[in-house]
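K.L.:
have a look at this prediction, sequence included:
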Amino acid sequence: MNNSIYPCLTIKGKIAEAADFYLETFGDGSITSSNPIVITLKLSGQQFMLLNDGPSSTPNPSISFMVVSETEAETEAYYYKLSKGGSTLMPLDKYPWSPKYAWVQDQYGVSWQLYTGAMNDANQKFCPTLMFTGAKAGKAEEAVHFYTGLFHDSTLQGILKYSEGEDNTNFVKHSQFKIKHFVAMAMDSSAEHGFGFVDAISLVVNCKDQAEIDRYWDGLIADGGHEVACGWLVDKYGVSWQIVPDKLGQWMSEPAKFQRVLNTLMKMKKLIYAELENA
């Protein structure tokens, strides 16, 4: 399974509880590392990071996760577990695009689009879906082209526009693309949602060397994006990213090295591979 890009979910004070909840809900997973600040887990081979501190925002549906199930029974099981203590954004029902689909926000604020259908060619069960709203509505197509032009091993797999009467016909109803072989999706919505992209959900990009860090960092902060700290940035569309060395987790897991790496990292905005490796 490709984990060169994976999501980071900020769930303050409840990451251990949330990790157990997601493992029980989706099955086929395990916790791969755990400390009071960060828990990483794998679900169907895909990596997720749960963060206990950092961003002041909370998750909202501007970034949701499309969950692909090949049977209606599986979709229904996820729906009843995820909606308990949460809310339903689109009810469990038959839709033109799926015989059984629902959109729910769980008790931790994380949103899931539960889709019954064939697995994508990457065999990726969870696909982050970016919804461009408010002032960013209408930017999905531009963003998809921007991301696939910047990241290596990228492909635009399709763009579907809204039909007359659904929304602005120039807006994207659904698009699918790959960046670094990782499947993501994007859409526009002109409805008044009252939310936009926030840093409570970010996308972590593992980089093999400094040249790759520099490429993605400089590209993503260009034309209106901005640096944050410790490898975090916000791009020109408002999406948050963490651009990190691919061995950062390994270095942080070494007890003798952890504090030195952390102290070095805390002084940086863009991360410097060699300085972290040699800390």
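P.N.:
Arrived safely. Numbering: from 1, shown residues only.

K.L.:
make it CA atoms for all contacts and neighbour counts henceforth
P.N.:
OK.

K.L.:
so how far is stretch 267-279 from its chain's centroid?
P.N.:
24 Å (CA atoms, centre = their mean, to the nearest Å).

K.L.:
quick one: pLDDT of the residue nearest to residue 238 when sequence neighbours are not counted?
P.N.:
Leaving aside its chain neighbours, residue 238 sits nearest to residue 197 (5.6 Å; criterion: CA to CA, 6 or more residues apart in numbering). Predicted confidence (pLDDT) for residue 197: 97.

K.L.:
what do you get for residue 32?
P.N.:
93.

K.L.:
likewise for residue 121?
P.N.:
For residue 121, pLDDT reads 66.

K.L.:
over to the one 10 residues further on?
P.N.:
Residue 131 carries a pLDDT value of 98.

K.L.:
other residues contacting the lowest-mean-pLDDT helix or strand in the chain?
P.N.:
Lowest by mean pLDDT, DSSP states H and E among the helices and strands of the chain is helix 248-252, with a mean of 89. Helix 248-252 is contacted from outside by 257, 258, 259, 261, 262, 276, 277, using CA atoms under 8 Å, 6 or more residues apart in numbering.

K.L.:
what's the spacing between that helix and its chain's center?
P.N.:
On CA atoms, centre = their mean, the centre of helix 248-252 falls 21 Å from the chain's centre.

K.L.:
report the buried residues of that helix.
P.N.:
248, 251, 252 (16 or more other CA atoms under 10 Å).

K.L.:
nearest to residue 154 among those?
P.N.:
residue 248 (23.6 Å; CA to CA).

K.L.:
which helix or strand contains residue 275?
P.N.:
helix 273-277 (DSSP states H and E).

K.L.:
what residues sit buried inside that helix?
P.N.:
273, 276.

K.L.:
which outside residues touch that helix?
P.N.:
209, 210, 245, 248, 251, 261, 264, 265.

K.L.:
check which helices and strands the helix or strand hosting residue 183 is in contact with.
P.N.:
Element membership of residue 183 [criterion: DSSP H and E] is strand 182-188. In terms of contacts (3 or more CA pairs under 8 Å, 6 or more residues apart in numbering; DSSP states H and E), strand 182-188 is packed against strand 126-132, helix 140-150, strand 172-179.

K.L.:
nearest to residue 270, out of these?
P.N.:
Of the helices and strands packed on strand 182-188, nearest to residue 270 by CA to CA is helix 140-150, at 17.3 Å.

K.L.:
which parts of the closest one are buried?
P.N.:
140, 141, 143, 144, 147, 148, 150.

K.L.:
one more: stretch 128-137?
P.N.:
128, 129, 130, 131, 132, 133, 134, 136, 137.

K.L.:
quick one: which two of those residues are the most distant?
P.N.:
Farthest pair in the buried residues of stretch 128-137, by CA to CA: 128 and 134, 19.3 Å.

K.L.:
pLDDT of the helix or strand where residue 78 lies, averaged?
P.N.:
Applying DSSP H and E as the criterion places residue 78 in helix 72-83. For helix 72-83, the mean pLDDT works out to 98.

K.L.:
distance of residue 238 from residue 230?
P.N.:
18 Å (CA to CA, to the nearest Å).

K.L.:
and residue 157, by the same measure?
P.N.:
Taking CA to CA, one finds residue 157 at 32 Å from residue 230.

K.L.:
who has more neighbours out of these two?
P.N.:
Taking neighbours as other CA atoms under 10 Å, residue 157 and residue 230 compare with residue 230 leading, 18 against 12.

K.L.:
narrow the contacts of helix 273-277 to those in strands?
P.N.:
If you go by DSSP state E, these have residue 245 in strands.

K.L.:
between the contacts of helix 273-277, which sits nearest residue 87?
P.N.:
For the contacts of helix 273-277, the nearest to residue 87 is residue 248 (35.8 Å; CA to CA).

K.L.:
just the buried ones from the contacts of helix 248-252, in ChimeraX syntax?
P.N.:
Restricted to buried positions by 16+ other CA under 10 Å, the ChimeraX selection for the contacts of helix 248-252 reads:
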select :257,258,261,262,276
